[in-house]
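*Asks:* the amino acid sequence is not available; the structure is as follows:
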Ligand code: AGP
């Protein structure tokens, strides 16, 4: 939820910290700060709000230094103001932190008893005091850092500066990601590849419990037990490290338009167009998964990733006759799930770092269930902890509202459903080849779906005035109704709810009146007629309706109904084609409202705290 950067460099550090923090703003943006060693003295600049406020503070009162740490915050403890902004300081120590120290109250009480005073309401400040107390007692910085780490409970990625040690930054990770960047005579620490991308593409991923000291000469990495360890240095793709908006106004707009490529690239990992076959990517050691050995699939996911899986559930059960339970990870991990033997536990996550999904995955793995992670970040914690990593290839998704990751997830899951059906003997080779051909049409169909943008622009202004909006769908369009509502509410702040259209008469229709627009998602599938009945029911009560349908559906709809036209396509890929309409609707309504599309209030791209 927060972004961390550390630089042990040889040129002015503040511009580099700012550049990196701008790449990290998608992780949280309610305050920001830097700390550096200027003439051996520890100095800080912090500001509430976006990075540009911090940039102004530095312009007004520059720092001359080559080593420093920076942080952009999504508040967990303490209001988003300067006092609670990171870096937090105690004595000679400055700390930046991503995560939650769960025993900070107990530690704070102990430190107060020791006569220490606190300036903030944050959990992070106790870490600075613990390290400083150990240094005051005579320990060297790294020894003091390890002693402090041993007292912490909860999740953290940390960056630490110590006054008097101007060429040293220390870091540690438990439950929140942290990478080490290798430069030429310079070293870096960051929350992810994006953070250090402007400086290097040579990166080592710290493992759970690791802590590290970086100097100009390199990195010394230690395991939780204090043993020196080696972590492989990877060469990440330049695109993974450097992301720009290009000609688009927002990352979300760019990422909506990148979906044909994202889906094409993702499908190439699952479909063999020549053989007409679908397959799960094979594991280098375990080999390919055989779905004949799987009795049930348990999905673990949050938010849009959960809705992508809910869409795929229909395909797994229809084509593979394989039961799929799709559950919100934060619910799964706090009940006592009764999983049957042979269950495959599949985490679905764009970031691969979502705390609730990761915790649920660990719960399943600890009980011996087969696990897999469908992730867009192929080196993420979930990717490394699951038995198998199945990739989406959407490329870095910066906009907080997930778009290309969603359609890439639906593509991968649909391909897996076809693979499962074939392996379980539910599809003849001809039927499999047919479904593969249909799925291979998805990228082109999504590209055609972009044409809806002109219709969306015409409707967005009126919709932006609504206080409440309902989304309705049946079958695989039901999760799409939920996703449409989530997209709209998270970037336009308009209250929106998605419902199964068949559920309307069981209560929600009481919400319907002239002031409540209803968005109805209705591909030309077996649900179309019943969904048209629902359309008439809400029209009869005065609701302004927008129908999302393909041309045949638009032609069959009642006269005068406003509509968005999705391309005609096989029902198997309709969720992908219709997703573009709901994404563009949310985007253009938010643009009309003038909200911060890429960094909506109160949100962060990756929810790495529970
Ligand atoms: C989607 O638009 C939201 N930003 C959010 O629901 C997101 O999908 C959820 O937090 C899961 O993130 P993940 O895919 O990285 O696990």
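*Replies:* Structure received. Just so it is clear, the model here is predicted, and its values are computed rather than measured.

*Asks:* quick one, helices of the stretch 451-600 of the chain?
*Replies:* 453-463, 477-492, 528-539, 551-556, 574-593 (DSSP state H, counting those that start in this stretch).

*Asks:* could I get those as JSON lines with mean pLDDT, distance to the ligand and mean neighbour count?
*Replies:* Where you see a C-beta, it was placed from the backbone N, CA and C, and this is true even at glycine. JSON lines is the format used below for the helices of the stretch 451-600 of the chain (pLDDT from 0 to 100; distance: least, C-beta to the nearest ligand atom, whole Å; neighbours: other C-beta atoms under 10 Å):
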{"stretch": "helix 453-463", "mean pLDDT": "94", "distance to the ligand": "18", "mean neighbour count": "16"}
{"stretch": "helix 477-492", "mean pLDDT": "98", "distance to the ligand": "6", "mean neighbour count": "26"}
{"stretch": "helix 528-539", "mean pLDDT": "95", "distance to the ligand": "25", "mean neighbour count": "18"}
{"stretch": "helix 551-556", "mean pLDDT": "96", "distance to the ligand": "26", "mean neighbour count": "14"}
{"stretch": "helix 574-593", "mean pLDDT": "97", "distance to the ligand": "9", "mean neighbour count": "26"}
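
*Asks:* now do the strand or helix carrying residue 100: which elements does it pack against?
*Replies:* Using DSSP states H and E, the element containing residue 100 is strand 93-101. Packing partners of strand 93-101 (3 or more C-beta pairs under 8 Å, 6 or more residues apart in numbering; DSSP states H and E): strand 3-8, strand 31-38, strand 41-48, strand 67-73, strand 88-90, helix 125-136, strand 154-162.

*Asks:* okay, the ones you listed in JSON lines with mean neighbour count next?
*Replies:* Shown next, in JSON lines, are the helices and strands packed on strand 93-101 (neighbours: other C-beta atoms under 10 Å):
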{"stretch": "strand 3-8", "mean neighbour count": "31"}
{"stretch": "strand 31-38", "mean neighbour count": "27"}
{"stretch": "strand 41-48", "mean neighbour count": "20"}
{"stretch": "strand 67-73", "mean neighbour count": "30"}
{"stretch": "strand 88-90", "mean neighbour count": "25"}
{"stretch": "helix 125-136", "mean neighbour count": "24"}
{"stretch": "strand 154-162", "mean neighbour count": "26"}
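
*Asks:* give me the spatial nearest neighbour of residue 101, chain neighbours excluded.
*Replies:* Leaving aside its chain neighbours, residue 101 sits nearest to residue 123 (4.2 Å; criterion: C-beta to C-beta, 6 or more residues apart in numbering).

*Asks:* I'd say the one you found and residue 77 touch.
*Replies:* Yes: with contacts defined as C-beta atoms under 8 Å, residue 123 counts as touching residue 77 at a distance of 4.6 Å.

*Asks:* how many neighbours does residue 56 have?
*Replies:* Using other C-beta atoms under 10 Å, residue 56 has 13 other residues around it.

*Asks:* which secondary element of the protein has the worst mean pLDDT?
*Replies:* helix 238-241 (a mean of 59; mean pLDDT, DSSP states H and E).

*Asks:* what's whichever helix or strand comes after it packed up against?
*Replies:* Using DSSP H and E, the helix or strand that follows helix 238-241 in sequence is helix 251-257. Counting contacts by 3+ C-beta pairs under 8 Å, 6+ apart, helix 251-257 packs against helix 574-593.
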